[in-house]
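In: Next comes the sequence, and after it the predicted model I'd like to discuss.
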Amino acid sequence: MSKHNQYSFINPNKFPFFYGYVVLVVGSIGVLASIPGQTVGVSVFTDPVKDALGLTRNQFSNAYMIGTLLSAFFVTRAGVLFDRYGARFVAFFAAIFLGISLLLFSIAVTISNNIKQFLQMDSWVVPFALISILFFFIRFCGQGVLTMSSRNMIMIWFDKNRGKVNSISSIGVSLGFSSSPIFINKLIDNHGWEISWQIIAICLFIFSFCILQFYRNKPEDFNLKPDGFDDKIKIFEVKKEETSFTLQEAKQTRAFWMIGFILAFNSFFITGFTFHVVSIFASQDYTKSQAIAVFLPISIIAIAVSTLCNILSDYIQHKIYIYIMIISGVLASFGLLFLSHTIGIYLLIIGLGLLSGLFAVVNAVTWPRYYGRKYLGSITGKVMSFIVIASAIAPSLFSYCFTTFGSYSYITYITLGFLIFLIVAALKVKNPQHS
């Protein structure tokens with residue numbers, strides 16, 4: 001048995017159609033499987049878990065920040081492992097360890113009490129340190145490694161149709177992420193937060209078996225070509241050979257930093273907004289239901305933008321998307337600044353919808369288009385560290401802005417200043433493949 005097919009009953013060469021479409025489905029499910037390690041999945045557990053552990057909201061948020069920051073320092077290394085061993089084994093171990101972490105989280109109260117008893121101390125420091133470590137594992141395995149490896153695998157199996165394929169994946173992922181809080185909340189209501197995490201962990205263990213069966217690193221391992229093209233077919237259009245950049249070479253280009261920074265900004269703003277959405281709207285005398293209601297139009301815009309821009313990405317220059325993301329960030333920032341007015345809500349919805357939709361395109365399609373497929377893991381792993389760091393500091397920075405100045409609107413002065421820098425710096429961005 002080929003080493004690329006070890007421990008599996010599935011042979012890509014024997015499929016009646018191009019195996020990349022199987023990769024598309026299972027890879028998209030893999031991104032959805034990372035939800036327990038994403039902010040959207042963690043936030044639903046915030047109140048019951050912090051109360052059970054005896055932590056304040058600030059203590060819980062700071063533990064989340066510490067765990068997320070720690071994971072950012074290791075996710076780049078995971079990208080290197082992706083390049084060396086491929087998506088199959090990296091994603092497999094990420095799913096296994098994410099499931100184990102959720103099982104430990106489900107008994108965190110018992111573990112915390114036992115440690116307190118052993119140390120003969122009754123302090124918030126014990127549960128704080130414990131969940132900081134657990135947050136590190138679920139953020140590293142979920143938001144970091146499982147997401148990166150699943151998304152990169154899909155991109156490696158396609159080239160010419162990469163944008164179209166990513167549009168299909170993005171629709172499913174967007175719908176899954178937007179609806180996941182509803183399902184997780186119902187799970188908690190019916191079974192409690194401890195059992196809910198155990199149920200999700202079991203699902204991850206089952207999915208890890210599916211990873212071994214269906215995940216495949218690249219089409220060349222099975223004498224296949226990206227998109228399913230056959231060498232026997234005469235293709236009269238001559239395509240310039242793709243250049244693969246190492247991480248060090250990519251870091252020497254302006255595009256790497258500009259794209260990385262705008263993706264990090266997206267993560268910062270959306271994470272901070274999502275984490276405090278009820279409080280942000282309450283500060284302007286809106287109800288909780290009104291606050292939650294904004295996610296529906298944001299999701300609709302995001303799905304529409306993602307679908308259209310993914311398809312167009314096969315034909316247009318990707319730097320256009322960078323400019324649109326910057327403008328979208330400006331709209332969202334002004335929306336938060338003028339949230340007390342109706343125009344502010346519209347600006348916020350439009351800005352966040354555009355940002356979310358374009359994030360799904362740029363973070364998946366642009367990297368292989370600009371830097372090739374060979375070192376995709378190390379490059380996207382490094383960028384993932386930017387994204388993770390931004391998502392880590394956002395909730396605390398939003399919170400301290402509110403507690404210090406009495407309004408979330410002051411955070412916009414920071415975001416607008418950063419966006420002005422990006423507008424100027426991004427003017428000379430170009431595709432390194434065309435250099």
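Out: Noted; the coordinates are in hand. Numbering: from 1, shown residues only.

In: can you pull the buried residues of the helix or strand of the chain with the lowest mean pLDDT?
Out: Ranked by mean pLDDT, DSSP states H and E, the helix or strand of the chain with the weakest confidence is helix 288-293, at a mean of 77. In terms of neighbour count (16 or more other CB atoms under 10 Å), helix 288-293 has its buried residues at Ala291. No exception for glycine: its C-beta is placed from N, CA and C like everyone else's.

In: Also stretch 248-258?
Out: By neighbour count on 16+ other CB under 10 Å, the buried set for stretch 248-258 is 250, 253, 255-258.

In: Stretch 144-161 now?
Out: 144-159, 161.

In: domains in this structure, as residue ranges please.
Out: Per automatic domain parsing, the domain ranges recorded for the chain read 10-221, 242-426.

In: what would those domains look like in CSV with distance to His4?
Out: Compiled in CSV, those are given as follows (distance: least, CB to CB, whole Å):
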stretch, distance to His4
domain 10-221, 4
domain 242-426, 16
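
In: Show me the shaky parts of the stretch 1-150 of the chain.
Out: 1-3, 5 (pLDDT under 70).

In: Repeat the analysis, applying 90 as the threshold.
Out: In the predicted model, the stretch 1-150 of the chain carries pLDDT under 90 at residues 1-16, 38-48, 50-51, 56-62, 64-65, 72-85, 120-123, 143-144.

In: can you give me the helices for it?
Out: If DSSP state H, counting those that start in this stretch is used as the criterion, the helices of the stretch 1-150 of the chain fall at 20-33, 39-42, 46-53, 57-85, 87-106, 108-119, 125-138, 147-156.

In: could I get the ones you listed as a markdown table with distance to Pro432?
Out: A markdown table is the format used below for the helices of the stretch 1-150 of the chain (distance: least, CB to CB, whole Å):
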| stretch | distance to Pro432 |
| --- | --- |
| helix 20-33 | 25 |
| helix 39-42 | 32 |
| helix 46-53 | 41 |
| helix 57-85 | 18 |
| helix 87-106 | 24 |
| helix 108-119 | 46 |
| helix 125-138 | 33 |
| helix 147-156 | 17 |
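
In: Quick check: which of those helices is buried the most?
Out: Most buried of the helices of the stretch 1-150 of the chain by mean neighbour count (mean count of other CB atoms under 10 Å) is helix 147-156; its value is a mean of 27.

In: Neighbours of Val165, how many?
Out: 27 (other CB atoms under 10 Å).

In: Check the secondary structure at it for me.
Out: Per DSSP: H, G, I helix; E, B strand; the rest coil, the local secondary structure of Val165 is helix.

In: any idea how far the nearest residue to it once chain neighbours are set aside is from Gly20?
Out: Take Val165 and drop its neighbours on the chain: the residue closest to it by CB to CB, 6 or more residues apart in numbering is Phe158, 4.8 Å away. Distance of Phe158 to Gly20, computed by CB to CB, to the nearest Å: 6 Å.

In: so what sits against both of these two?
Out: 165, 226-227 (CB atoms under 8 Å, 6 or more residues apart in numbering).

In: Would you mind giving those residues as CSV with distance to Phe207 and pLDDT added?
Out: Output for those, formatted as CSV (distance: CB to CB, whole Å; pLDDT from 0 to 100):
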residue, distance to Phe207, pLDDT
Val165, 21, 90
Pro226, 25, 89
Asp227, 26, 85
